[in-house]
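J.: Test case, fold it:
(one chain, ligands or ions: 1)
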Amino acid sequence: MSDLSDGAVETAEPSPAELVRYAGWFQRFIDPDRNADYRGVPWDVFRGLLIQHSADWKDGTPANPVATKELWSSVVEGRGESAAAVDGSKARKRLNDHWSELETMFRELVGRFSAGAVKEGFDGLLWPVKDRSPGGRSATYRLEWRPVGATVEQPTLPATYSELPFVLRYHEDKSSLRFSWLGRLFFLPLFFRRQSERAVRVDGRRRYVPVLALGMLALMTGLLLLLALATTTSSGLNWTLMLMSAVFYWVLLHPLARLYDRKIIMASPLFYPFKERDCQVELTWDDDAAENNRTYGYNLRLVRYAAECPLCGAKVWVNDGKLEFFDRLVGRCTDEPGEHVFSFDHQLLSGYWLRAPRR
Ligand SMILES: [Zn+2]
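T.: Numbering: from 1, shown residues only. Below is the predicted model of the structure:
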């Protein structure tokens with residue numbers, strides 16, 4: 001997926017005075033005391049940027065991009081802690097962790113922000129933008145003015161894709177997903193680093209843990225199967241051991257192997273709170289690792305993809321394809337789950353009607 005700053009339409013930025021007014025309004029809009037959605041560190045980062053930029057705008061000048069250390073210091077101060085202990089590499093690490101989360105959350109809530117902005121008399125929104133600098137130097141951060149209705153960046157579809165019947169676009173549904181306590185309990189003995197309420201990071205030596213776990217599970221499955229065959233007598237197969245082996249395979253080994261193979265699987269309902277539905281676990285490689293002096297690694301994120309049904313307009317959730325679409329994730333419409341079934345392309349975030357009549 002390309003960077004957010006690509007292809008976005010830039011319009012004339014409002015005057016500094018108008019931007020100060022916007023900053024004031026938006027800070028009230030994302031007041032963490034009024035709405036729990038904005039309580040996380042990613043929003044503290046956004047608030048930090050707003051405050052830094054406001055200082056420039058109050059002087060009547062355009063806002064300067066903010067350096068990593070400077071931004072993280074203001075986040076730390078905003079949380080009521082002393083920024084004296086902030087050092088460069090630590091700031092870079094922490095900020096980078098929260099930045100991608102902020103970008104995702106902002107994109108998901110753009111509809112809400114746009115409605116609020118229009119009501120307040122603004123024709124645009126300030127988007128969070130990160131400027132990566134080449135050569136391993138630290139990145140800078142800023143807010144960019146984009147008109148309301150500027151489309152959220154989406155992957156470009158191959159030309160022939162539009163010939164498919166009833167193409168739909170998936171988006172991440174909710175920014176406030178979090179692992180259940182049971183899910184967190186599961187990750188605890190695996191030594192994965194907790195990155196946010198819904199993401200863990202697997203890097204450095206931790207990367208051997210899943211390999212070991214997979215190996216052990218495969219060994220267990222194989223051993224149980226061997227035992228089952230070895231203890232088979234003339235009276236018949238040892239079904240108890242066969243069953244145990246099958247359970248090991250289906251419940252543990254198969255989904256884990258699938259996650260590393262396909263990069264996305266349906267999350268077990270034990271992993272997310274009871275009131276949520278149809279969540280997925282997604283594996284994303286960290287391309288910024290080298291830039292941020294981190295060991296190569298990846299993140300496991302709890303996500304939920306949704307779309308609008310192009311046939312009836314109801315919500316489409318991503319679900320297991322079951323037997324009919326074996327080994328696939330599909331999108332199913334809530335109002336017509338039997339007929340309005342769509343493919344789910346994780347890379348293109350798109351799908352088409354799988355039950356379309358043949359022409
Ligand atoms: Zn439908």
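J.: so which strand or helix has residue 90?
T.: helix 88-108 (DSSP states H and E).
J.: Report the buried residues of that helix.
T.: 91-92, 94-103, 105-108 (16 or more other C-beta atoms under 10 Å). The C-beta positions use only the backbone N, C-alpha and C, and glycine is treated the same way.
J.: Now do the contacts for residue 140.
T.: 65, 66, 67, 68, 130, 131, 133 (C-beta atoms under 8 Å, 6 or more residues apart in numbering).
J.: what's the spacing between it and residue 68?
T.: The spacing between residue 140 and residue 68, counted by C-beta to C-beta, to the nearest Å, is 7 Å.
J.: re earlier: tell me the one of the buried residues of helix 88-108 nearest the ion?
T.: residue 108 (22.0 Å; C-beta to the ion).
J.: And the pLDDT at that closest one?
T.: Note on residue 108: pLDDT of 74.
J.: From what I see, it and residue 177 are in contact.
T.: No. Contact criterion C-beta atoms under 8 Å: residue 108 and residue 177 do not qualify, at 10.4 Å.
J.: partner strands of the lowest-mean-pLDDT helix or strand in the chain, parallel or antiparallel?
T.: When each helix and strand of the chain is scored by mean pLDDT, DSSP states H and E, strand 193-196 comes last, with a mean of 73. With DSSP bridges as the test, strand 193-196 is paired with strand 199-203 (antiparallel).
J.: Show me how far the strand it pairs with is from its chain's centre.
T.: 13 Å (C-alpha atoms, centre = their mean, to the nearest Å).
J.: next one: stretch 29-39
T.: Centre to centre, stretch against its chain (C-alpha atoms, centre = their mean), the figure for stretch 29-39 is 20 Å.
J.: how long is it end to end?
T.: Terminal residues of stretch 29-39 are spaced 12 Å apart (C-alpha to C-alpha, to the nearest Å).
J.: So for that stretch, what gets flagged as buried?
T.: So, applying 16+ other C-beta under 10 Å, buried residues of stretch 29-39: 29, 30, 38.
J.: in the chain, which spans are helices?
T.: 16-29, 41-58, 68-78, 88-108, 110-119, 181-187, 208-230, 239-247, 254-262 (DSSP state H).
J.: who wins for proximity to the ion among those?
T.: helix 110-119 (20.8 Å).
J.: quick revisit: quick one: contacts of the least confident helix or strand of the chain?
T.: Residues contacting strand 193-196 (C-beta under 8 Å, 6+ apart): 40-42, 97-98, 101, 184, 187, 200-203, 206, 299.
J.: Pull that strand out as CSV, backbone CA atoms only.
T.: Provided in CSV are the C-alpha atoms of strand 193-196 (Å, rounded to 0.1, in the frame of the first residue of the first chain):
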residue,chain,number,x,y,z
ARG,A,193,5.9,-7.4,23.0
ARG,A,194,2.6,-5.7,23.6
GLN,A,195,2.4,-2.7,21.2
SER,A,196,-1.1,-1.5,21.8
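J.: Just the buried ones among the contacts of residue 140, please.
T.: Of the contacts of residue 140, these count as buried by 16+ other C-beta under 10 Å: 65, 66, 67, 68, 130.
J.: which one among those gets closest to residue 53?
T.: Of all these, the one with the least separation from residue 53 (C-beta to C-beta) is residue 66, at 7.7 Å.
J.: Pretty sure that closest one sits against residue 141.
T.: Yes. Residue 66 is within contact range of residue 141, at 5.1 Å (criterion: C-beta under 8 Å).
J.: Quick check: neighbours shared by these two?
T.: In contact with both residue 66 and residue 141: residue 49, using C-beta under 8 Å, 6+ apart.
J.: what comes up buried for the least confident helix or strand of the chain?
T.: Result for strand 193-196 [16+ other C-beta under 10 Å]: buried residues 195, 196.
J.: ok, now stretch 16-30?
T.: 16, 19, 20, 21, 22, 23, 25, 26, 29, 30.
J.: and if you look at stretch 304-315?
T.: So for stretch 304-315, counting by 16+ other C-beta under 10 Å, buried means 304, 305, 306, 307, 309, 310, 311.
J.: Would you check which of the residues you listed are in contact with the ion?
T.: Filtering those for neighbours of the ion using C-beta under 5 Å from the ion leaves 309, 311.
J.: Now tabulate the buried residues of stretch 304-315 in CSV and tack on pLDDT.
T.: As requested, the buried residues of stretch 304-315 are exported to CSV (pLDDT from 0 to 100):
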residue, pLDDT
304, 89
305, 90
306, 88
307, 88
309, 90
310, 90
311, 92
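J.: among the buried residues of stretch 304-315, which are in strands?
T.: Counted as lying in strands by DSSP state E, out of these, are 305, 306, 307.
J.: Please produce CSV containing the residues you listed, extended by distance to residue 272.
T.: Output for those, formatted as CSV (distance: C-beta to C-beta, whole Å):
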residue, distance to residue 272
305, 14
306, 15
307, 20
